[in-house]
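[1] Model the structure of this input:
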Amino acid sequence: QALVSAKPRNLHPLCYHSQNPERLVKKSEITDRWVRREITNFEYLMHLNTFAGRSYNDITQYPVFPWVLCDYESEEIDLDD
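    Okay, here's the model as predicted:
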């Protein structure tokens, strides 16, 4: 609610009509498109970042991407791998 009321310039337009993030994502149907493999993981994450007001245009609001791990069996994770 505070984010929407601040109206950051990069916030997705749908955000202004919904105070509930769950309702916003549902209304956009972006998750359904991702599940049906109509969009890539990158596109899905970019949509979520856009909904959150993140942008490459502002260094303090760069999009967030999770670490991708491929080794789920080791007791220690090598982040250089």
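[2] Every contact and neighbour count from this point should use C-alpha atoms.
    Will do.
[3] Give me the longest helix you can find in this protein.
    Longest helix in the chain by number of residues (criterion: DSSP state H): helix 41-51.
[4] If we go by neighbour counts, what in that one is buried?
    By 16 or more other Cα atoms under 10 Å, the buried positions in helix 41-51 come out as Tyr44, Leu45, Met46, His47, Leu48, Asn49, Thr50, Phe51.
[5] any low-confidence regions in this protein?
    Where the chain drops to pLDDT under 70, the residues are 1-21, 81.
[6] how about a cut-off of 90?
    1-31, 45-81 (pLDDT under 90).
[7] center of it - which residue?
    The centroid of the chain falls nearest to Leu48 when counting by Cα atoms, centre = their mean (2.6 Å).
[8] so how far is Leu24 from it?
    Between Leu48 and Leu24 the computed distance is 10 Å (Cα to Cα, to the nearest Å).
[9] Tell me the secondary structure at the residue nearest to Asp71 when sequence neighbours are not counted.
    Closest residue to Asp71 apart from its sequence neighbours, by Cα to Cα, 6 or more residues apart in numbering: Ile77 at 7.3 Å. Applying DSSP: H, G, I helix; E, B strand; the rest coil to Ile77 yields a three-state assignment of coil.
[10] next one: phi and psi at Ile77?
    Main-chain dihedrals, Ile77, degrees, to the nearest 10: phi -100, psi 130.
[11] hey, where'd the helices end up in this protein?
    Counting by DSSP H, the helices of the chain are 2-6, 21-28, 30-35, 41-51.
[12] Using JSON lines, please lay out those helices together with distance to Asp58.
    Shown next, in JSON lines, are the helices of the chain (distance: least, Cα to Cα, whole Å):
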{"stretch": "helix 2-6", "distance to Asp58": "16"}
{"stretch": "helix 21-28", "distance to Asp58": "22"}
{"stretch": "helix 30-35", "distance to Asp58": "24"}
{"stretch": "helix 41-51", "distance to Asp58": "12"}
